[in-house]
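Colleague: Structure for this input, please:
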Amino acid sequence: MAERVVIENITPRTPNGYPAKAVVGRPVTVAADVFRDGHDVIAARVRWRAADHGPRGEGTSGNQKWEAQLMTGVGNDRFEAVVTPNSLGAHEFVVEGWTDRLATWHHAVTVKLEAGQSIDVELQEGALLLEAAATRVSKAYQARVTAAVAALRDTGLPVEGRLAGAVDPALMELLAELPDPADLARSRPQPLWVDRERALVGAWYELFPRSYGGLRGATQELPRVAHMGFDVVYLPPVHPIGRSFRKGRNNTLDAGPDDPGSPWAIGSEEGGHTALHPDLGTFDDFDTFVAEARAAGLEVALDYALQCSPEHPWLAEHPEWFHHRPDGTIKYAENPPKKYQDIYPINMWPADDGDRVALWEACRDIFFFWIGHGVRIFRVDNPHTKPFAFWEWAIADVQSRHPDVIFLAEAFTRPKVMARLAEVGFSQSYTYFTWRNTKAEFIEYLTEIAHGPKADYMRPNFWPNTPDILSGPLRGGGPGAFKLRLVLAATMTPSYGIYSGYELVENQPAAETNEEYLESEKYEIKHRDFDAPGNLGSFVGAVNDLRRRHPALQELSNIHFHHTNNDWMLAFSKTTQDRDDVVLVVVNLDPQHPHDDVLGLDLGVLGLPPDAPYEAHDELTGVTYVWSGANPYVRLAPDQPAHVLHLRWMPAWEMT
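Modeller: Numbers count the residues shown, from 1 in each chain. Coordinates of the predicted model:
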């Protein structure tokens, strides 16, 4: 039989039933439309639990304890509740709705009393409803319900006395949490995957160990990286590099004998994806790097790239795992007009099912190998060129055994493809931030990813630069351009990253039409002087420090844009739910010229009174301004292109 109460439009959710995403210890707002015919009052609640098995929440054996939270109506038949998962892994939740007959009765009684109408029949109805409810309460409360029923039927009492027990707020609150089984409706279980904190919040720093003499030299860089306040140190592929068609400096085809080649051309006679390049050191060196990183408060992220050089062992052992041309040769990788002659893409969907199973298991086992060496974060190269079904299976299998593992999708591709990768399991995603430069572009893009449907399952990680991409105002830009892009990336989203050399304002593109760096580190060893004048390391450290100190900056969905008259000026705020932490960021988007503006702040969003002064403490300069009202004046120059302001209302006694 069809249920009378309708439950629909449940969030969080994904378009195709994959798990939405959450983080241990962080609140999740569960919402749904719950309604029925007529005018009766509806009640709803959410119930949730950890799954007994199934890494992506495919199902549970039902042994885990359900927790429950009454939902609150927020208008237009929409109900919400906040739940807080406290364990890693797969969870599920259901929304239940029912007719709250007691609340409906209470409303009718109240209205009739106010209208001076007789409620003798309603008192009898209330007694019957409470008698039915008594069967659902614990023994500790049954006496109170019984007394309320008796009072409702006691015609010797005045009306107010007969009603007093039945409408007691404490009793009504208790009964409101107990579903009426008469028309109780329940949604299908909704899957929820719960990650650890680093899946949401983190500052990443990418470096090439070979530019520091190998893993031992890179280990010496860890204190510098930690001092700048980073959480994750990310290494490009550390595997042996092939020699056939090895790329030379600036991606040329005429590599010299000393050119190291691209780390993404994986594999040689020394091994493949589970081997270390001998020039980088030994596995003892790698394990030491991981241990020293951990001691410095850093996690190690490792690049995972499913492609092979012509010398990769898989070419000889499993030629069926690769694409073959009609002449029998293996096809190298292309992204026209770019050509990657030193890389053979893997055919992730061989015609033979047995070959596919063997290949997928081999690719999955690469994760397990490096997990065994202490790696819990993987930056996945070009995942959009591999089947979604593979990622769905592989990520689920890895996280079923290691739910703390995090996967970052490096997928600068079409929006629907990026979203699907996030939906099938990737913890984080690269984004289009690198190509967003104007105020309108930022407002549109952040509104989409922070407040649109993708916010339930796609976590952005903003990168101003990568070894592949030098874009926007960074191309030929000075320190002001690098500062403004860093502030935007670090304060707009909880996760962001930079590629080494950013703090040195490396800004020379390969060509006017090429976004890659001139003398790219992908094809040569770079020697940098991090003590040279003009290093932005202290600025980077200050930004990362304020990120850690301000909980408001560790969320995405709380971003709110404020009005500016000048299109070069961008203003947005982030606040904690209790407004204990209120941060306002104002950025001059023009790296060449100073700009000023009179802001139009939404004081209600900021939790500030309209007619009282408040402090605006700039976390970057240490200067504190005293503002009043919604229209403060700001001026920002390229050398100091941003305010990151901690706003605090000043009570009258402080002003004195």
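
Colleague: How about the secondary structure of Gly354?
Modeller: helix (DSSP: H, G, I helix; E, B strand; the rest coil).

Colleague: oh, and call the first residue 657 from now on, that's how I've got it
Modeller: OK, 657 is where the count begins now, so the last one is Gly1010.

Colleague: Relative to Trp1049, how far out is it?
Modeller: Distance of Gly1010 to Trp1049, given as Cβ to Cβ, to the nearest Å: 16 Å. (Glycine included, C-beta is placed from N, CA and C.)

Colleague: neighbour-wise, which of the two wins?
Modeller: Neighbour count, other Cβ atoms under 10 Å: between Gly1010 and Trp1049, Trp1049 has more, with 17 against 9.

Colleague: just checking, that one is part of a strand?
Modeller: No. If the criterion is three-state DSSP, then Trp1049 is helix and not within a strand.

Colleague: which residues does Val1036 contact?
Modeller: Applying Cβ atoms under 8 Å, 6 or more residues apart in numbering to Val1036 gives the contacts 960-961, 1063-1066, 1082.

Colleague: Please look at Ala921 and Pro896 and confirm they touch.
Modeller: No. Using Cβ atoms under 8 Å as the test, Ala921 is too far from Pro896 to be in contact (9.5 Å).

Colleague: Those two: who's more crowded?
Modeller: Set Ala921 next to Pro896 and count neighbours by other Cβ under 10 Å: Ala921 wins out with 31 against 27.

Colleague: who touches that one in this structure?
Modeller: By Cβ under 8 Å, 6+ apart, the contact set of Ala921 is 897-898, 902-903, 963, 965, 996, 998-999.

Colleague: residue ranges of the strands in the stretch 1157-1306 of the chain, please?
Modeller: With DSSP state E, counting those that start in this stretch as the criterion, the stretch 1157-1306 of the chain has strands at 1165-1167, 1170-1173, 1215-1218, 1225-1231, 1238-1244, 1251-1254, 1269-1274, 1280-1284, 1289-1292, 1298-1305.

Colleague: Now find how far off-centre the shortest one is within its chain.
Modeller: Put simply, strand 1165-1167 sits 32 Å off its chain's centre (Cα atoms, centre = their mean, to the nearest Å).

Colleague: now for it, which elements pack on it?
Modeller: Packing partners of strand 1165-1167 (3 or more Cβ pairs under 8 Å, 6 or more residues apart in numbering; DSSP states H and E): strand 1170-1173.

Colleague: how is the chain carved up into domains?
Modeller: Per automatic domain parsing, the domain ranges recorded for the chain read 662-850, 859-962+1009-1206, 1209-1311.

Colleague: If you average pLDDT over each of these, which is lowest?
Modeller: Here those differ in mean pLDDT, and the lowest is domain 662-850 at a mean of 91.

Colleague: Just the endpoints, please. Distance across that one?
Modeller: Terminal residues of domain 662-850 are spaced 28 Å apart (Cα to Cα, to the nearest Å).

Colleague: Need the contacts of Val1036 in TSV (columns: distance to Ala706, secondary structure and neighbour count).
Modeller: Putting the contacts of Val1036 into TSV (distance: Cβ to Cβ, whole Å; DSSP: H, G, I helix; E, B strand; the rest coil; neighbours: other Cβ atoms under 10 Å) gives the following:
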residue	distance to Ala706	secondary structure	neighbour count
Tyr960	28	strand	20
Ala961	34	coil	21
Phe1063	21	strand	26
Leu1064	25	strand	27
Ala1065	26	strand	28
Glu1066	31	strand	22
Phe1082	22	coil	27
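
Colleague: Single out the most deeply packed of the domains of the chain.
Modeller: Per-stretch averages of neighbours, counted by mean count of other Cβ atoms under 10 Å, single out domain 859-962+1009-1206 among the domains of the chain, with a mean of 19.

Colleague: where's it relative to the chain centroid, distance-wise?
Modeller: Mean C-alpha position of domain 859-962+1009-1206 versus that of the full chain (Cα atoms, centre = their mean) differs by 17 Å.

Colleague: now swap in stretch 1002-1013 and tell me
Modeller: 32 Å.

Colleague: just stretch 679-693 next, same as before
Modeller: 18 Å.

Colleague: Stretch 1211-1225 too?
Modeller: Distance of stretch 1211-1225 from its chain centroid, counting by Cα atoms, centre = their mean, is 20 Å.

Colleague: Would you mind putting the CA coordinates of that stretch into PDB?
Modeller: Extracted as PDB, the C-alpha positions of stretch 1211-1225 are listed here (Å, rounded to 0.1, in the frame of the first residue of the first chain):
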ATOM      1  CA  GLU A1211      34.600  25.300   5.800                       C
ATOM      2  CA  LEU A1212      33.300  25.900   2.300                       C
ATOM      3  CA  SER A1213      29.600  26.100   2.500                       C
ATOM      4  CA  ASN A1214      29.800  29.200   4.800                       C
ATOM      5  CA  ILE A1215      31.200  31.500   2.100                       C
ATOM      6  CA  HIS A1216      29.100  34.700   1.500                       C
ATOM      7  CA  PHE A1217      29.900  37.400  -1.000                       C
ATOM      8  CA  HIS A1218      29.400  41.100  -0.100                       C
ATOM      9  CA  HIS A1219      28.800  44.000  -2.400                       C
ATOM     10  CA  THR A1220      31.600  46.000  -3.900                       C
ATOM     11  CA  ASN A1221      31.200  48.900  -6.300                       C
ATOM     12  CA  ASN A1222      34.600  48.400  -7.900                       C
ATOM     13  CA  ASP A1223      34.900  45.300 -10.100                       C
ATOM     14  CA  TRP A1224      38.600  44.900  -9.200                       C
ATOM     15  CA  MET A1225      37.600  44.500  -5.500                       C
END
